[in-house]
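K.L.:
From the sequence below, what's the structure:
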Amino acid sequence: MFSEGSAAEGAVLIKSIILYSSSPLEFHIICDQSAQDYLERRLNLLTHPKHNVLVRFYRIPHDDMVARIHREGAINTDHSAGVPGLMKLFIHEILPPTVKRAIFVDTDAFFISDPVELWDRFDATQPGTAIVMPYHPDQSEPDWHNANRICSCIMLLNLERLRELRLMDSSYYRDDPQAARVPALAPPAFEAMFGKPVEAGDGRVRYEGVKLGDQGYWWAIVDHRPDIFEYLSFDWEVSSCLMDMYMKGLGDDDADDAHERFVQVHTDNTPDAGRAILPKMVHFNCLDGVDRYFDWPGWSDPNDGLAHRWLPAVRYHVGYKWLWLNQPASNATLTIQTLYDVKFADEIFALERAGTTTDNSA
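P.N.:
Model prediction:
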């Protein structure tokens, strides 16, 4: 989260997770000062959570993010998420080795069910799996290299496995004779999809034709290495962008399974074909023209289908007060930590090689 606007969206997401969770929680938030300030004002209202909650903020200067991208060698983006959006490719490097698994969710989403159900999906993955995300084989857009066949808006990441595979490259690895013997996973995947990097000026090179920001790179990775990828049920990706929420929505509380299968869209020729999508998390992306999805003008249009089906849910989760999350009889606690000047794993590698250590805790 690198603006107050993204934090405002993310606050709704975090609130929904706390609201529905049946277990203790850890949040790892990569952010700037404005986002942290916005979130802390709300988190400080949570004095008696139902379960223990740990919130850890990771503060990475923008120049350090740019430097990590440059050390990779050729990735770039023209997506509106910019440089911070590419950090999704480095989550396994930013979070410490003690964090072995994580669920990434875009800020413009919120849960409507217990997130522990999603976490339990890790237990069903194969030993070699590193990435679990929604997969839409029915989608096709050659100009995007078909990157719309996945959605990096929600990902289950086995961070330990991604570290073992050395997902992303770095000049620090390439310049070390021992590390260079074990090539990073991503470069062959990127070249297989985008071709060799081309000259970009100032002595730099870049991959051409990459669309959808980080999602374009994730698609190259899982397309090249399907052995480390598994599909995530559409129940967890009910999205307003391209998928039209599968035509799901509130109302008709007595609708049966046959009716839900009949009215839904975009599931033919997918892993979820033939079954009714049961929304557990909703994602309001591609609502253009606003910084916060809940400020979208379409919500006030009585003829808009998305507003008709989902506005009550948006209003409820946005307006649900943080104070109401408190359980006065609970002895659980909220812990907030901030890590400053966070180092990427490749930087730590270089420092260790040089015999230097660093402490970024506060």
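K.L.:
Could you use CA atoms for every contact and neighbour count after this?
P.N.:
Will do.
K.L.:
Show me the helices in the stretch 251-362 of the chain, by range?
P.N.:
Taking DSSP state H, counting those that start in this stretch as the test, the helices found in the stretch 251-362 of the chain are 257-263, 305-319, 345-353.
K.L.:
So Ile30 lies in a strand, does it not?
P.N.:
Yes - assessed by DSSP: H, G, I helix; E, B strand; the rest coil, Ile30 belongs to a strand.
K.L.:
okay, it: pLDDT?
P.N.:
On pLDDT, Ile30 comes in at 98.
K.L.:
If we ignore the residues flanking it in sequence, what's nearest it?
P.N.:
Tyr58 (4.6 Å; C-alpha to C-alpha, 6 or more residues apart in numbering).
K.L.:
List the contacts of that neighbour.
P.N.:
His28, Ile29, Ile30, Cys31, Thr338, Leu339, Tyr340, Asp341, Val342 (C-alpha atoms under 8 Å, 6 or more residues apart in numbering).
K.L.:
switch to 7 Å and redo it
P.N.:
Neighbour list for Tyr58: Ile29, Ile30, Cys31, Thr338, Leu339, Tyr340, Val342 [criterion: C-alpha atoms under 7 Å, 6 or more residues apart in numbering].
K.L.:
Could you do Ser330 as well?
P.N.:
Residues counted as contacts of Ser330 (C-alpha under 7 Å, 6+ apart) are His48, Pro49, Lys50.
K.L.:
Is the first one in contact with Ala332, as I believe?
P.N.:
I take that to be His48. Yes - counting by C-alpha atoms under 7 Å, Ala332 is a contact partner of His48 at 6.3 Å.
K.L.:
Would you map the strands across the stretch 251-362 of the chain?
P.N.:
281-283, 334-339 (DSSP state E, counting those that start in this stretch).
K.L.:
Which one of these lies nearest to Arg166?
P.N.:
strand 334-339 (23.3 Å; C-alpha to C-alpha).
K.L.:
Average pLDDT for that closest one, rounded please.
P.N.:
Strand 334-339 comes out at a mean pLDDT of 98.
K.L.:
which helices and strands sit right next to it?
P.N.:
strand 53-59 (3 or more C-alpha pairs under 7 Å, 6 or more residues apart in numbering; DSSP states H and E).
K.L.:
what's the average pLDDT for the strand it packs on?
P.N.:
Strand 53-59 comes out at a mean pLDDT of 98.
K.L.:
who does it pair up with?
P.N.:
Strand pairing for strand 53-59, using DSSP bridges, gives strand 25-31 (parallel), strand 334-339 (parallel).
K.L.:
CA atoms only for stretch 48-66, dumped as PDB, please.
P.N.:
Below are the C-alpha coordinates for stretch 48-66, written out as PDB (Å, rounded to 0.1, in the frame of the first residue of the first chain):
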ATOM      1  CA  HIS A  48     -10.000  -6.200  22.600                       C
ATOM      2  CA  PRO A  49      -9.700  -8.300  19.400                       C
ATOM      3  CA  LYS A  50     -11.400 -11.700  19.400                       C
ATOM      4  CA  HIS A  51      -8.100 -13.400  18.500                       C
ATOM      5  CA  ASN A  52      -4.500 -12.300  18.700                       C
ATOM      6  CA  VAL A  53      -3.600 -10.000  15.800                       C
ATOM      7  CA  LEU A  54       0.000  -9.200  14.700                       C
ATOM      8  CA  VAL A  55       0.400  -6.400  12.200                       C
ATOM      9  CA  ARG A  56       3.900  -5.900  10.800                       C
ATOM     10  CA  PHE A  57       4.600  -2.900   8.500                       C
ATOM     11  CA  TYR A  58       7.500  -3.100   6.100                       C
ATOM     12  CA  ARG A  59       8.900   0.200   5.000                       C
ATOM     13  CA  ILE A  60      10.900   0.200   1.800                       C
ATOM     14  CA  PRO A  61      12.100   3.400   0.300                       C
ATOM     15  CA  HIS A  62      11.000   3.900  -3.300                       C
ATOM     16  CA  ASP A  63      14.600   4.200  -4.500                       C
ATOM     17  CA  ASP A  64      15.300   0.800  -3.000                       C
ATOM     18  CA  MET A  65      12.400  -0.800  -4.800                       C
ATOM     19  CA  VAL A  66      13.700   0.700  -8.100                       C
END
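K.L.:
for that stretch, the distance to its chain's centre please.
P.N.:
For stretch 48-66, the separation from the chain centroid amounts to 14 Å (computed by C-alpha atoms, centre = their mean, to the nearest Å).
K.L.:
Okay, buried residues for it please.
P.N.:
48-60, 65 (16 or more other C-alpha atoms under 10 Å).
K.L.:
likewise stretch 188-195?
P.N.:
Pro188, Ala189, Phe190, Met193, Phe194.
K.L.:
Can you tell me which of those residues is closest to Gly128?
P.N.:
Nearest member of the buried residues of stretch 188-195 to Gly128, counting by C-alpha to C-alpha, is Ala189, at 17.5 Å.
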